[in-house]
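J.: could you work out the structure for the sequence below:
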Amino acid sequence: MTTSWENIVEVLRSEIAEYGGLLGLFEQQQRCLFRRDADTVLQLSAEIELQVRTADEVRRRRERIVAAFAAAHNYPANATLRSLLPFMLIEVRPLIEALMAEVNRLIHRIRRATRHNHLLLTRVVETHQEILRHLRPDAYTKTYTPDGRVCLAGTRPTPALQAAG
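T.: Numbers count the residues shown, from 1 in each chain. As a prediction, the model looks like this:
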């Protein structure tokens with residue numbers, strides 16, 4: 001498979017589009033978390049999972065194209081794209097570098113959004129558990145997992161509300 005720099009530009013642009021879509025979904029999820037829109041948060045989680053798979057497929061495609069470009073220039077298949085820049089026209093190097101920088105910037109923003117949303121979701125679950133503990137304190141016991149995290153365990157399977165009489 002012979003690859004030209006045009007194929008690399010095309011796949012980098014596709015990767016940017018997929019990462020941009022993923023970032024948009026994380027930002028949308030964050031807005032829904034602040035609005036307490038649980039149904040949409042759940043729906044967006046499924047969309048995020050699908051978008052992650054799509055972005056991963058595009059990333060793997062880029063890696064295959066770069067490996068083919070490297071092989072065509074007698075470089076190892078695991079050569080970095082940056083190390084292959086000297087084999088590209090001097091006029092296109094700034095374009096390739098800008099696309100690589102944008103991919104890296106988006107990945108950084110996605111990681112930050114992922115961590116932030118994860119913290120928000122964790123806090124929501126903790127708050128919900130705390131409310132349940134206040135409503136039914138005898139039904140929950142705090143224990144620790146083997147890795148040191150706090151875990152809530154139900155002490156008995158009783159309904160949350162019971163009819164009197």
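J.: pull the longest helix from the chain.
T.: The longest helix of the chain (DSSP state H) is helix 93-135.
J.: quick one: mean pLDDT over that one.
T.: For helix 93-135, the per-residue pLDDT values average out at 90.
J.: just how off-centre is that helix within its chain?
T.: Taking Cα atoms, centre = their mean, to the nearest Å, one finds the center of helix 93-135 at 7 Å from the center of the full chain.
J.: ok, now which ones touch H73?
T.: Contacts for H73 (Cβ atoms under 8 Å, 6 or more residues apart in numbering) come out as 84, 87. For the C-beta atoms, the positions are set from N, CA and C on the backbone; glycine is no exception.
J.: re earlier: pLDDT on the very next helix or strand once past the longest helix of the chain, on average?
T.: Counting by DSSP states H and E, the next helix or strand C-terminal to helix 93-135 is strand 140-144. Strand 140-144 shows a mean pLDDT of 73.
J.: helices and strands around strand 140-144, which ones?
T.: Packing partners of strand 140-144 (3 or more Cβ pairs under 8 Å, 6 or more residues apart in numbering; DSSP states H and E): helix 93-135, strand 150-154.
J.: what is the first one packed up against?
T.: Applying 3+ Cβ pairs under 8 Å, 6+ apart, one finds that helix 93-135 makes contact with helix 5-35, strand 140-144.
J.: buried ones in the next helix-or-strand element following the first one?
T.: The one in question is helix 5-35. Downstream of helix 5-35, the first helix or strand assigned by DSSP H and E is helix 38-72. The neighbour-count check on helix 38-72 (16 or more other Cβ atoms under 10 Å) flags 40-41, 44, 48, 51, 55, 58-59, 62, 65-70 as buried.
J.: leaving aside the residues next to it on the chain, what's closest to L85?
T.: Nearest non-adjacent residue to L85, counting by Cβ to Cβ, 6 or more residues apart in numbering: R93, 5.3 Å away.
J.: my guess is that neighbour meets R82, correct?
T.: No - with contact defined as Cβ atoms under 8 Å, R93 does not count as touching R82 (10.1 Å).
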